[in-house]
Every structure is written in structure tokens, then in C-alpha cells.
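>>> Any chance you can model this:
(4 chains)
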4 protein chains.
Amino acid sequence: MDSDVSDWWSTSIIDMEPGKINLRGHPVQDLIGNVTFPQMIWLMTRGELPSDEQARLFECALVSAVDHGPQAPSIATARMAVTCGLGLNGAMASAVNMLDDVHGGAGEQAVELYGWAYDAVKNHVPIERAVADAVERWRTERSKFIPGFGHRFHKPEDPRAPRLLSLVDQAVKDGIVDGDYASIGRLVQKHLNEEKGRPVPMNIDGATAIIYAELGFAGPLARGLFCLSRSVGILSHAWEQMNQGGRNKGPTPPHYFWTYTGPKNP
Amino acid sequence: MDSDVSDWWSTSIIDMEPGKINLRGHPVQDLIGNVTFPQMIWLMTRGELPSDEQARLFECALVSAVDHGPQAPSIATARMAVTCGLGLNGAMASAVNMLDDVHGGAGEQAVELYGWAYDAVKNHVPIERAVADAVERWRTERSKFIPGFGHRFHKPEDPRAPRLLSLVDQAVKDGIVDGDYASIGRLVQKHLNEEKGRPVPMNIDGATAIIYAELGFAGPLARGLFCLSRSVGILSHAWEQMNQGGRNKGPTPPHYFWTYTGPKNP
Amino acid sequence: MDSDVSDWWSTSIIDMEPGKINLRGHPVQDLIGNVTFPQMIWLMTRGELPSDEQARLFECALVSAVDHGPQAPSIATARMAVTCGLGLNGAMASAVNMLDDVHGGAGEQAVELYGWAYDAVKNHVPIERAVADAVERWRTERSKFIPGFGHRFHKPEDPRAPRLLSLVDQAVKDGIVDGDYASIGRLVQKHLNEEKGRPVPMNIDGATAIIYAELGFAGPLARGLFCLSRSVGILSHAWEQMNQGGRNKGPTPPHYFWTYTGPKNP
Amino acid sequence: MDSDVSDWWSTSIIDMEPGKINLRGHPVQDLIGNVTFPQMIWLMTRGELPSDEQARLFECALVSAVDHGPQAPSIATARMAVTCGLGLNGAMASAVNMLDDVHGGAGEQAVELYGWAYDAVKNHVPIERAVADAVERWRTERSKFIPGFGHRFHKPEDPRAPRLLSLVDQAVKDGIVDGDYASIGRLVQKHLNEEKGRPVPMNIDGATAIIYAELGFAGPLARGLFCLSRSVGILSHAWEQMNQGGRNKGPTPPHYFWTYTGPKNP
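The predicted structure follows:
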């Protein structure tokens, strides 16, 4: 066997021989029944097992983001997909594809935004200044939308964010995480509130980003982990729609149709 | 507001108002930090919370199937995807789409196969006869491939299957599940071994199907849950490839190319 | 180089060397500017170039099915996708995935249904009997939905079907195709009309299936070619939505929400 | 009916009533049989019909990019997909998803690059300077990879590019297009050749981008149109693989496996 072929695909994740499957060096049979699913997710994405306490905080983020209802494009897509004839894998694929920069990228973006402030603080910039600079830089370099804050529907606040923050606070007290990103996140909210003169509350993405950043996850993984979490709701809705039946279900009741805005006679 | 529009999408999964997100009737903030991720998956897909013991057995199945390496089309697709420029959501979508009937359907199919035998036993057919009939019916109505048994790579056996079976046995002893599907699964293996005159060992799909069936999951959910589980490996490999870099990575080293079998001069 | 690696992927479609790309044996530079896009599609999928007359009839089918508006799940998905942040490739992928058995399979199914009648006629079964048998067999073995006939929206008839049929008739007169499938398709409609006592008119899938079958395309290609054709509308709507803007556009106006049917207190 | 629901989806592409389908204002039955498939693609994406001469040049670009063999991640994905159990729609979706920034974005990027130079020339910057500035700006703002030039495989040149350029030249002579983008594209190549001291020939993306830009297509449509064109090869390879058979076909022959680079004992 030419080594260049075996070298073409290389991975530090999985080692296999007939009868042997090692994941990150652990025989799979030693993991099954001994690690939780969140621990397994952490091990697979990062290479080492988390402590039980780290895994518990991590689990809170995974639990929190599973669903936001059929008005979310991802969930609507999953439900339409099964009425088009797709199986659950196809429905999940179609729906997870939707979790791109706008629908699924806010967590990743918030980790990055927080990271800018975090790095500045490490370089002795006062934290409030670091936060204000990071927000300003985001607007200049990226977008007017500050990721992780504000919600078009949940007013005055997204019920998941304060709950997640209180769990982070507890983890700080327990010495599990440092709390630097929680401080930064709260200051971003304070900064935005003052700017706007009204509450711009932290949303689910802003809160889960704090957890992922506190636990040392890289920004892109915040998106990937959101995809994993939301896959639970996607699967649930696809399965419910499968049981409801329906064929070629469109977005609105059929008799509403759409507005035609083009020429009558070209 | 016309009620027919609000009725067009209906769900028993999620209830929302501004500031309120209830999942299967539970305020989301009461779930976060209080239920495990596997319990949440169970709640979302089935509508009620499992006991801790049920959730632990369920978790074993989720942990067991996360990865099978870059030779699996799903994993290879995820890795190629990021070298084509896709983000993690797109890589996960592309890869999960691959988990169709052949690559991801064996668990669902095994639940169905076991179910045929189970129903016959409930109708007083002796269990060995019920199993033989189910296998025969599968071959007649579906395929020569008996789902959940045999492995082209793991010989003499897939290390995940006996580990999962031993955990089911423990759960039977502990009164968590009945063990009927475990008996049926083992008899399918015995039947195939005798037919072939050589071991045709139960594989990961045959074993997880026992767990899902023992816990009362419908067949199609076995596929959906496999998609969730394998999404972990997919995410991990996509992320590793993203860190390795590469652009437009093809399946084999570039200089190997392919075999052209068509006409020289049409 | 080990030959087994180069043999792993084999194809009769494309032959390449540095500076050389032959498609089905034709140097690509000889095809560019000399064959039409429909001729290229035919060459690629079937291995030989069609006559100009065959290509023109084929082109009619490709032109006819490009769009059916934003109520179609495929088009709605494409439009939602770009508001989630996907590029045009991702929007097209998400949307084409929707064209499964229910939303995109009718053409393939109609080719198969017609084929049953066609084979019976070749075996000297009278054509009206062959058609009635095929319809009956479809209901028994497949589904109560006869593919290619009836339309929930276009009443009394789908404007594309009679136009396509008239072009087939002209091609029969011109000796391009035999017309056997056109006869069978019309008899299916007559049979259904008589059964129901009301018109069950042939729709776009029933009509394009006649063209594909007359031209010798295999059933599954009818689905693939529909995907190609509908990709044009998908691209157009995705692009229009990209220019309209919008973020996370859900299926219905946001204030309509959905109907919750689950428990208040679990 | 509440108008806000009908207004939620709006389009200038398609107008429908029962029995009526107008595309960009044209009754569909008047288009079928009277416009070519490329004319239809142009009409749908841009709103008006092209002249026959414009359509012919456009068609050359569509014909040129249909396939690049099973080493391309898109084609490999399509072929793997059908061995996983997906139908042709799913295989096409999985494969088109791959045509993201790296695998499918070069045409769009080249249109943008050329556009920078074009705008500068309109502002009276000498064309060679405009081209050099555009290349420099691309490297500063985007990437070290200049889109549309160089090929890791086709050396000394991609056979499609000179053929496409000669057809553009003819169209300039015939007064169909102005030739400004052709001049810019050729100067980009001259600039890169001189910089590198060796040929960095224009590739398929650089050449089709010239055609799309000459014909007035916006940059993102260059990607969308490439997706349409490549969908032909994707469909053809998926269909060929379906006929070859195979189950869960991995990227390399199974006995080659992969290289494990992780820890032995974590």
C-alpha cells in the first residue's frame, strides 16, 4: 500500500482496526456507559475529557437552544421537508444548512466580539473601554448588528439568558470558570442599554457564547454546537410533522398565495 | 388576525409568548440546569421526561455512534465540505444528508425487523419461529441485507455491540426495560450464525436499535437519533479539517485520478 | 501508483489529462459553441449527442418546469435560505433537496407508470386495458395518488400540459418520436376522467414524463432533469430575495405565529 | 384574506391564477417551444429576454463548466451520496452545496475583480494601471489567490479558456458585447505572467466571468450560473454511480484507511 494514499486523510480523532475503535485514544467500549453525551461531545471536538463540573455547565448551553418554533426558518424547513418526501436525515440536513451566518452565526460572532474585549483587558485596557472599543470595532468592520443582544420577539427579555447567566455565576463561585467573559457580556449589555436609552437584553446567543468562551471553546465551535443543539428541535418538529402528514406543505395557507410585483405585459 | 394563518403551522412541542418559551409544557428556564441533554432530547422527541435510569441507557446509545472515521461517506463529505469553503453548519448539513437508507437507515430498519418478531411473540408465536419468520419476511419484502448484523470491517465483532448489550442486560436486571428486544436481537444473530455457519455478529445499528426499541422509540426516530449522534463526529472532523486547512480536497491524492472507461472517439 | 486506487473511481463520462478535457469522448473545446445546453445535458446523461430535433423537444420539457412560485416548498426554502445567510449555492442545495418523492418524484413515477402500460402493449395487451391495469397496479403497489394527473391549484387545467402535448404531437408528425407514450398518457387521463366523472387533467409532471419517455430517458432521470429545470426558478427566487434583503425570514408574517396544541402543565 | 399574509411573500418573477402561469409577464405556454433553455434562464434571472446572439454567447459559458471529474469534491460527493441511498435530488443537493467560496466562488470573485478595474477605467485610470491596482487590492482585502487564474492540474493551459475567449472575440466583432472585460481579463493574465515570470493562465472561472460580465450579469449570479452548469455533471455522475451500484462508497479503497495522528493513551 502506498503511504501517500493512507496519508491523504489523517485525523487525531479516531483510530480503528478490525474490532477496535479508539476515540481520542479511548476505547469506545470504555466510553459507552461511563461518559455522558456532553462529555463525549467535548472529548470529540477538543481531544480531552472535561471534568464533571465543566460538562454540567456545557450541558446547560446544549439544553437551552434546542428550539424556537416553526417561525424559525430552520424549523419551518424541516417540517416542509418531510412533506416533500424526505426522511429524517434529509429534513435535518436541509434545516441545519439554514443555520448560516444570520440564523446560526450569532453565537460564533459573540465569542469573537467578547474575545476582542478579553484580549484588550489582558493588555491592560480598562474593561469598560475594552468593551466599548470592541462594539465600535464590530460596527466598523462587521455589521450594525451586535451579535448576541436584542430580540425581535422576546421583550423585555429572553428567558433563557438570565437563567444561563445565573448558572455561570454559580460556576464562577464554584471555581469552575473565571467569569471574565460573563463580565464582558454584561458590560456589552450595559453599554448597549446606555447607548440606546432602552434595554437591549442579552439573548440566547449572547448567553451561550459566554458559556462556550468561559469553557475555552473556539468561536466556530459555538456555531457547530448550536447546530447540534438545534438539531434536537429540528428532529422533533420533523418527526411531529411526519405524524401530522401533509404533502408539499407550503409556507402559508394555500389560498393566500403571494403578491406579484412584476410587469403585466413585458 | 385570521385564525387559518395561525392554524397553518401547529405543534405540541413549543409554546411561546414574548418572554416565555415552554417546551412540551415546561418553561425552558426550568429545564436548563435541571435536565440532562439526553433527557431534553427524549422530552422533545416524545413529549415526556424519562426517568434518570431510562435516560442513562438512552445516553449509551447516543454516545456509541458518534464516529466511524474518514472512510465513512458522511465524515469524508464533512471534511471535503470545509475545504470547499462551507462553514460548520453547511458541512454538518452536507454530511447528515448522507445518512440515508444505506448509510443511516440500518437502525430504523432493525427496529422494524425486531418489531415484526415482537408482534408475533405477543400473538403467541414461539420466539425462535417469530425471529426466523421476520428474517425471511425481510428478505422477501425488503432486501437481502439484514439490518444490524455483520460488518465489512469489524471482524470478529464490533466492539460497541457487546458493550451496549451488557448495559441492556444490566437495565433488565434493574427493571428499567423488559429485555424482549434484546432477546429477539440475540436470536436474530443466532439464526444468522446458524444459517451461514459462521459468525454474523450484531453491529452498532443492531445494538442501538435494541436500546431504542426497549425504550419505546419509534423506528424512524432510531434514524433521527443516529443522525444526532453522528453529528458529533461530523462536527469534530469538520472542525479538525478546518484547522488542517486545504482547498478543494478531493477523495484521493490528486495524482491518482480515476479510471476512464468511456469511448475514445464517439 | 497502485492501480487499485485509480480504479476506485471510474467513469465513462470524463477523461482528463493536463490541458485535455474530453466529455463522452468529445474534446470540450469542440463542444463549446457547437452544441446547445440541452444537447450537452443529453450528451452528459446519456453518452451520445441527440439530433437537433430531439434536442428541441427535450428543451421544451426543460423550459416548462422552471418555477411554480413561493408557495412551493422548494422555492420558499430557497428564499428563506438567503435570509439566513447562505450564498446562492447553499440556497440552491437546500431547495433542490426538497424535490424528493412527493415534491419532485411525480415525473419519475409517471415514466414508470407509463412504462408498465407500454410493456403490456408490447406484449399484445390492448392499450386501454394496459392503461387500466397500470393504474390499478399503481394503486395496489404504490399509492392512491396517480402521478402526473390532477392539480390542486390549476383548474380546469395546467396550461403547460396541453402546450407540451401539442409539441409532442408535432414531433410525432415529424417522425422524431413514436407517440406511444403520448397515447398512453392521454388514455390514463381518459381513464381517470371516466372513473371520477370529472376532469382529472394531466399536469406538468404527466406531460414532461411523456416527453422524457418518448425520448428514451430512464425514469430516475426524469426526476434529475426536473431538478435541473426547477433549479432555474430556485436560483431566480434566491437572487430576488437576496436583493429584497431580509433576515431570518419565517414562513408567515411574524405576528401570526403558530397554534400550540400541547399540554399546559405536563 | 388579510393582505399582510399575501404580502409576506412577493415576487416579480411569477404570477399565477388557476390555469395561468406567467413568468416575467410571459404566459408559460408562449415560452415553451419558443425560447431556448438558456433564454429561459436569462429571462428568469434578469427579467427580460436576451437577443438570440446574447443567448448564444451565454450558452457557451453554461456548456463549458458542466464537469471536472470525480476528483472534484462536488462530483465525489454526488457519487458517494447515491451509494448512501439518496435519490438524484438529494445527490444533487449535497453536491451543489459544495460549490461554496473555494469550490464554486471563483467566477463570482473574478466578476468582482474585473469590475474594480472596469470602474477605474470608466474613471479614466489607464487600463493597465487599473488592472494592477485591482490585483493588488484583491490581495490586500481578500486573498492571495487571484480568482480565475492558474490551475493546479491543467498546464500549460485550461483548454476551455482560449476557446471561450475566441468566442467572446467573435461576439465583439459582431457587435454583441463591448469586449471591455475581455481586455481586462487578458491584462490580468499578462500582469500575473510578468509578476511570476511564468504563465499563470486564465482558467474556466476567469473565462466564464468575462462572458457573464460582458453580458451584464451581477457577480453572485456567476456563482449561481456555475451551480446550474455544474449540476449537469453532478446529475450525470450521480446517475452513472447509481447504475454502477455500490453501498457506502468511501473516498479511497477500503483497505487504505487513514493515518491516525492522535495519542495512543490519553
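>>> Get me the contact residues on the stretch 101-250 of chain A for chain C.
Taking CB under 8 Å from any CB of the partner chain, the part of the stretch 101-250 of chain A that reaches chain C is made up of A:D101, A:V102, A:H103, A:G104, A:G105, A:R152, A:F153, A:R247, A:N248, A:K249, A:G250. Heads up, the C-betas are built off the backbone N, CA and C, glycines and all.
>>> got a list of what the third one touches?
So that's A:H103. With contact set as CB atoms under 8 Å, 6 or more residues apart in numbering or on different chains, A:H103 has these partners: A:A72, A:P73, A:S74, C:T83, C:C84, C:G85, C:N248.
>>> Count the residues that sit near the second one.
So that's A:P73. Using other CB atoms under 10 Å in any protein chain shown, A:P73 has 28 neighbouring residues.
>>> and what of the third one?
Using other CB under 10 Å, A:S74 is surrounded by 31 other residues.
>>> near chain B, which residues of the stretch 101-250 of chain A?
A:101, A:104-105, A:153-160, A:162-164, A:167, A:220-221, A:223-225, A:227-228, A:231-233, A:235-240, A:242, A:244.
>>> Could you tell me which of the residues of the stretch 101-250 of chain A next to chain C count as buried?
Neighbour counting over these (16 or more other CB atoms under 10 Å in any protein chain shown) leaves A:D101, A:V102, A:H103, A:G104, A:G105, A:F153, A:N248, A:K249, A:G250 as the buried ones.
>>> if we take the residues you listed, which one ends up nearest to chain D?
A:G250 (9.4 Å; CB to the nearest CB).
>>> so what's that closest one closest to, chain neighbours aside?
Distance criterion CB to CB, 6 or more residues apart in numbering or on different chains; nearest residue to A:G250, sequence neighbours excluded, is C:Q71 at 4.0 Å.
>>> for that neighbour, helix, strand, or coil?
Following DSSP: H, G, I helix; E, B strand; the rest coil, the label given to C:Q71 is coil.
>>> which element is A:W138 on?
For A:W138, the element it lies in under DSSP states H and E is helix A:127-141.
>>> what is the mean pLDDT for that helix?
The average pLDDT within helix A:127-141 is 98.
>>> And stretch A:24-41, by the same measure?
On average, stretch A:24-41 scores 98.
>>> how far does it stretch from start to finish?
Across its full length, stretch A:24-41 reaches 11 Å end to end, with CA to CA, to the nearest Å as the criterion.
>>> how about that stretch: buried residues?
Those would be A:24-26, A:28-29, A:31-33, A:35-41, for stretch A:24-41 by 16+ other CB under 10 Å.
>>> Low-confidence bits of chain A, can you list those?
Filtered on pLDDT under 70, chain A yields the residue ranges A:1-3.
>>> What parts of it come near chain D?
Near chain D, when you scan chain A using CB under 8 Å from any CB, you find A:1, A:5-16, A:24-26, A:47-49, A:86, A:90, A:93-94, A:97, A:251-253, A:255-266.
>>> please redo it, this time with the cut-off set to 7 Å
Within chain A, the residues that sit near chain D (CB under 7 Å from any CB of the partner chain) are A:1, A:5-13, A:15, A:24-26, A:48, A:90, A:97, A:251-252, A:255-266.
>>> Show me those residues that map onto helices.
The helices, defined by DSSP state H, take in A:V5, A:S6, A:D7, A:W8, A:G90, A:N97 from these.
>>> Roughly how far does the nearest residue to the third one once chain neighbours are set aside sit from chain C?
Read that as A:D7. Distances taken as CB to CB, 6+ apart put D:T259 closest to A:D7, at 5.1 Å, once the chain neighbours are dropped. Look at D:T259 and chain C: by CB to the nearest CB, to the nearest Å, they are 15 Å apart.
>>> what number of residues lie near D:T259?
For D:T259, using other CB under 10 Å, the count is 16.
>>> Return the residues in contact with it.
For D:T259, the contact set (CB atoms under 7 Å, 6 or more residues apart in numbering or on different chains) comprises A:S6, A:D7, A:S10.
>>> Tell me if I'm right that the first one and D:F257 touch.
Yes: with contacts defined as CB atoms under 7 Å, A:S6 counts as touching D:F257 at a distance of 5.9 Å.
>>> Quick check: buried residues in the longest helix seen in chain A?
The longest helix of chain A (DSSP H) is helix A:219-244. Across helix A:219-244, burial judged by 16+ other CB under 10 Å covers A:219-242.
>>> Stretch A:92-108 too?
Result for stretch A:92-108 [16+ other CB under 10 Å]: buried residues A:92-108.
>>> and the most centrally placed residue in chain A, what does it touch?
Nearest to the mean C-alpha position of chain A, counting by CA atoms, centre = their mean, stands A:F226 at 2.4 Å. Shown in contact with A:F226 (CB under 7 Å, 6+ apart): A:A65, A:L99, A:G104, A:G107, A:T208.
>>> Can you tell me which residue of the stretch 1-150 of chain A sits closest to chain D?
A:S12 (3.3 Å).
>>> Now the phi/psi pair for that residue, please.
Taking degrees, to the nearest 10, you get phi -100, psi 10 for the backbone angles of A:S12.
>>> Please tell me how far the residue located most distally from the centre of chain A sits from D:P18.
Going by CA atoms, centre = their mean, the residue of chain A most distant from its centre is A:N265, 47.4 Å out. Separation of A:N265 from D:P18 (CB to CB, to the nearest Å): 20 Å.
>>> show me the contacts for the nearest residue to A:L165 once chain neighbours are set aside.
Spatial nearest neighbour of A:L165, chain neighbours left out: A:A207 (6.0 Å); criterion: CB to CB, 6+ apart. Counting by CB under 7 Å, 6+ apart, A:A207 touches A:R160, A:A161, A:L164, A:L165.
>>> which among these end up buried?
A:R160, A:A161, A:L164, A:L165.
>>> just curious, which of these is nearest to B:T140?
A:R160 (51.0 Å; CB to CB).
>>> Run a quick neighbour tally on A:D180.
Residue neighbour count, defined by other CB under 10 Å, stands at 18 for A:D180.
>>> how about the strands in chain A?
Listed in chain order, the strands of chain A (DSSP state E) span A:10-11, A:14-17, A:20-23, A:26-27, A:259-260.
>>> who touches the fourth one?
The set of residues that contact strand A:26-27 without belonging to it, under CB under 7 Å, 6+ apart, is B:P159, D:P266.
>>> That strand: partners in the sheet, and parallel or antiparallel?
Strand pairing for strand A:26-27, determined by DSSP bridges: strand A:20-23 (antiparallel).
>>> same deal with the last one?
According to DSSP bridges, strand A:259-260 has the following sheet partners: strand D:10-11 (parallel).
>>> how distant is the partner strand from the center of its chain?
With CA atoms, centre = their mean, to the nearest Å as the basis, strand D:10-11 stands 26 Å off its chain's centre.
>>> What are the contacting residues of it?
By CB under 7 Å, 6+ apart, strand D:10-11 touches A:W258, A:T259, A:Y260, A:T261, C:P70, C:H237, C:E240.
>>> on that earlier part again, whichever of the residues of chain A next to chain D end up buried, select them in ChimeraX.
One line in ChimeraX is enough to select the buried members of those, burial here meaning 16+ other CB under 10 Å:
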select /A:5,6,8,9,11,12,13,15,24,25,26,90,97,251,252,256,257,258,259,260,262
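>>> before we move on, the earlier item: export the strands of chain A to JSON lines and tack on distance to D:R129?
Listed next are the strands of chain A as JSON lines, based on distance: least, CB to CB, whole Å:
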{"stretch": "strand A:10-11", "distance to D:R129": "46"}
{"stretch": "strand A:14-17", "distance to D:R129": "53"}
{"stretch": "strand A:20-23", "distance to D:R129": "57"}
{"stretch": "strand A:26-27", "distance to D:R129": "61"}
{"stretch": "strand A:259-260", "distance to D:R129": "47"}
